[in-house]
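# Build me a model:
(2 chains)
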Amino acid sequence: EPEVTQTPSHQVTQMGQEVILRCVPISNHLYFYWYRQILGQKVEFLVSFYNNEISEKSEIFDDQFSVERPDGSNFTLKIRSTKLEDSAMYFCASSRVVADTQYFGPGTRLTVL
Amino acid sequence: QQQVKQSPQSLIVQKGGISIINCAYENTAFDYFPWYQQFPGKGPALLIAIRPDVSEKKEGRFTISFNKSAKQFSLHIMDSQPGDSATYFCAASMHFGGANNLFFGTGTRLTVIP
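Modelled structure (predicted):
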């Protein structure tokens, strides 16, 4: 069964450093998402991406964040200058069409020191 | 603004019992209500979902009950098993205008005691 994959599984970085989280969505999916989950809290939407542009973004997704689909398979989330409060689990998800089920990857645990 | 409220925060059920988790939403534009199951260290996985044109959907031991007028929906797990022990999230989304981001509830940690 196809699945969303994410790398790395755990990223530790120093405050102020840039990080890139990588995702490989399910191959025939057209919509891509990033969510985050701070430890013990609910999953929060960050951004959705379709046709090589952002469809929607939340208030969390400020200028420090960017997304990119650099090739036909990868979908990345970049945080330019990490803050302590960016420490969270980041989930990538994809769906075939806009109204379809979103399938989540296993997540990347980001720890900012 | 908390768009989806979920209760209880934690739930302990005996094996074979019924687990019930409740959610309420505010935005009447929501038209898709999924439940996700999350095991420790894993991403959320879709369990079952409902659209507001039906009041109930059943898949195996899992049932969603939906009350559009009250803006509430609930997950019932019949014959709960220890393997059901996980965190359950309700969510809601709207598809008007191409939007599809999920608004999650705060989660319910279910523990099923053997």
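# Show me where chain B dips below the pLDDT cut-off.
For chain B, the stretches flagged by pLDDT under 70 are B:1-2, B:96-99.
# try 80 this time
Residues of chain B meeting the criterion pLDDT under 80: B:1-2, B:95-100.
# Any residues of it in contact with chain A? List them.
Counting by Cβ under 8 Å from any Cβ of the partner chain, chain B comes close to chain A at B:32, B:34, B:36, B:41-46, B:49, B:89, B:91, B:95, B:98-107. C-beta here means a position set from N, CA and C on the backbone, and glycine is covered the same way.
# In ChimeraX, select just the buried ones from those.
Entered in ChimeraX, the line below selects the buried ones among the residues of chain B next to chain A, by 16 or more other Cβ atoms under 10 Å in any protein chain shown:
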select /B:32,34,36,43,44,49,89,91,95,100,101,102,103,104,105,106,107
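# Show me what residue of chain B gets nearest to chain A.
The minimum distance from chain B to chain A, using Cβ to the nearest Cβ, falls at B:G43 (3.6 Å).
# ok, now how distant is that residue from B:I20?
For B:G43, the distance to B:I20 equals 25 Å [Cβ to Cβ, to the nearest Å].
# Tell me where the model's unsure across chain A.
Looking along chain A with the criterion set at pLDDT under 80, you get A:1, A:72, A:98-100.
# So what sits opposite the spatially most central residue of chain A in the bridge?
Closest to where the C-alpha atoms of chain A average out (Cα atoms, centre = their mean) is A:W34, at 3.3 Å. Beta bridges link A:W34 to A:V47, A:C92, judged by DSSP bridges.
# check contacts around it.
Listed by Cβ atoms under 8 Å, 6 or more residues apart in numbering or on different chains, the contact set of A:W34 reads A:L21, A:C23, A:L46, A:V47, A:V67, A:L77, A:Y90, A:F91, A:C92, A:A93.
# Which residue is the nearest non-sequential neighbour of the residue of chain B closest to chain A?
Once flanking residues are discounted, B:G43 sits nearest to A:F104: 3.6 Å by Cβ to Cβ, 6 or more residues apart in numbering or on different chains.
# Next, count neighbours for the one you found.
23 (other Cβ atoms under 10 Å in any protein chain shown).
# I'd say it and A:Q6 touch.
No: using Cβ atoms under 8 Å, A:F104 is not in contact with A:Q6, being 9.3 Å away.
# In contact with the residue in chain A that chain B sits nearest to: list those residues for me.
Here the residue of chain A nearest chain B is A:F104; by Cβ to the nearest Cβ that distance is 3.6 Å. Contacts for A:F104 (Cβ under 8 Å, 6+ apart) come out as A:V4, A:Y35, A:F91, A:C92, A:A93, B:Y36, B:G43, B:P44, B:A45.
# Cheers, nothing more for now.
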